[in-house]
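Novice: No sequence on hand, only this structure:
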């Protein structure tokens, strides 16, 4: 059943479900595997997942849980392309639609598209 309100628990579900898809994706997965390894249960992955949960929690509730430079790690991922971001957005949107009712999913989708657009501009990806 899709969540009708945002909670820390369903943000955790969103992130965990999304990254379970992402790590197996042929387009986006290799970038994350190259930096974090193939074992999503490793300490390195778990640290990353907690960071991402904190980031989305901060955006959802306006409370600072994420303290860091969101953009910087993406400059170290290699040759990101528009296709990479488009696939990331597609997988994220699919996961949002599974976790949340439409109005909440759409809100997260809008934010993720803005973030991806900013990243592409900053990385000079056209």
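Specialist: That came in fine, so what should we check first? These numbers were taken from a predicted model, which means no experiment stands behind them. Residues are numbered from 1 along each chain as shown.

Novice: Show me the shaky parts of the protein.
Specialist: 64-78 (pLDDT under 70).

Novice: change it to 80
Specialist: Along the chain, the parts satisfying pLDDT under 80 run over 63-79, 126.

Novice: Going by neighbour count, list what's buried in the longest helix along it.
Specialist: Identified as the longest helix of the chain according to DSSP state H is helix 102-122. The neighbour-count check on helix 102-122 (16 or more other C-beta atoms under 10 Å) flags 104, 105, 108, 109, 112, 115, 116, 119, 120 as buried. Every residue, glycine included, has its C-beta placed from N, CA and C.

Novice: Next, residue 80: secondary structure please.
Specialist: coil (DSSP: H, G, I helix; E, B strand; the rest coil).

Novice: how close does it sit to residue 4?
Specialist: 35 Å (C-beta to C-beta, to the nearest Å).

Novice: do the same with residue 109
Specialist: 17 Å.

Novice: for residue 42, same thing?
Specialist: For residue 42 relative to residue 4 (C-beta to C-beta), the value is 34 Å.

Novice: if we can go back for a sec, tell me the helices and strands packed up against the longest helix of the chain.
Specialist: helix 82-99 (3 or more C-beta pairs under 8 Å, 6 or more residues apart in numbering; DSSP states H and E).

Novice: Give me the angle between the helix it packs on and helix 102-122.
Specialist: Relative orientation of helix 82-99 versus helix 102-122 (axes from the mean of the first three to the mean of the last three C-alpha atoms, to 10 degrees): 160 degrees.

Novice: For helix 82-99, which residues meet the burial criterion?
Specialist: Neighbour-count burial for helix 82-99, counted by 16+ other C-beta under 10 Å, picks out 84, 85, 87, 88, 89, 91, 92, 93, 95, 96, 99.

Novice: Cool, thanks, signing off.
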